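J.: Here is a sequence together with a model predicted from it:
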Amino acid sequence: MRPNSVGQLRQALDRDWPPEIYRSEVLSSGIRRFQFNRTPRSRAIHIVQNLLGIELTLGHQRISVPDLGTARYLAVFARLGVRNVAIPYDITRIPKIADRLEGAYQRLLLQIDYLTRSASPRSAQSLRQRAFRQLRADFRALESADGHPQSGRVQRSRS
């Protein structure tokens, strides 16, 4: 394993690896689909509350969302550059999952900083890019393995 590798990040985060949270918390229940129009890799990702409701802004693109929890949930995936997202059908679970994903995202960034504290800024950026690439690949693998429903359809778990 090369020094400061994505494997070290994954090992350090353990159950807080974002795709692991997604698999265990989101894909284990009924879901609906959301797809960003384009891959959201913009640094300008904001949640805006205005008279029309709550919007998630990705650069110049605005997406209306039903509540703050959903906006926070989608913002994490936008920051990671994930295009296809499953959203829990039970909206009461979304804020808790958003909390876990936001915490995992911040912990990921802190761990990258820690692993590259004595490295050059270029090395730190390289590790961050590799980590985000691996995260996106892991999310795509979960999507293909679990056979997410097509956009607009709801998948319910059988109990």
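T.: Sure, I can see it.
J.: Just the pLDDT at the residue of the chain positioned farthest from its centre, thanks.
T.: The centre of the chain is farthest from one residue, Ser118, which by C-alpha atoms, centre = their mean lies 27.9 Å away. Listed pLDDT for Ser118 reads 88.
J.: Just confirm it is within a helix.
T.: No - using DSSP: H, G, I helix; E, B strand; the rest coil, the secondary structure at Ser118 is coil, not a helix.
J.: Tell me which residue lies nearest the centroid of this structure.
T.: Phe77 (3.0 Å).
J.: which residues touch the residue nearest to that residue when sequence neighbours are not counted?
T.: Distance criterion C-beta to C-beta, 6 or more residues apart in numbering; nearest residue to Phe77, sequence neighbours excluded, is Val85 at 4.8 Å. Heads up, the C-betas are built off the backbone N, CA and C, glycines and all. By C-beta atoms under 8 Å, 6 or more residues apart in numbering, Val85 lies in contact with 33-36, 74, 77.
J.: hmm, back to that, element containing the residue nearest to the centre of the chain, please.
T.: Using DSSP states H and E, Phe77 falls within helix 68-80.
J.: what's the neighbour count on the closest residue to Thr70 other than its chain neighbours?
T.: Excluding the flanking residues, the one nearest Thr70 by C-beta to C-beta, 6+ apart is Ile94, at 5.6 Å. By other C-beta atoms under 10 Å, 23 other residues sit near Ile94.
J.: ok so, going back, for the helix holding Phe77, give the mean pLDDT please.
T.: 94.
J.: Give me every residue in contact with that helix, excluding its own residues.
T.: By C-beta under 8 Å, 6+ apart, the list of residues contacting helix 68-80 from outside reads 18, 34, 36, 40, 42, 45, 47, 49, 54-56, 58, 63, 65, 85, 87, 91, 94-95, 97-98, 101-102, 105, 132, 135-136, 139.
J.: in it, what counts as buried?
T.: Neighbour-count burial for helix 68-80, with 16 or more other C-beta atoms under 10 Å as criterion, is recorded at 69-80.
J.: That concludes my questions; thank you for your assistance.
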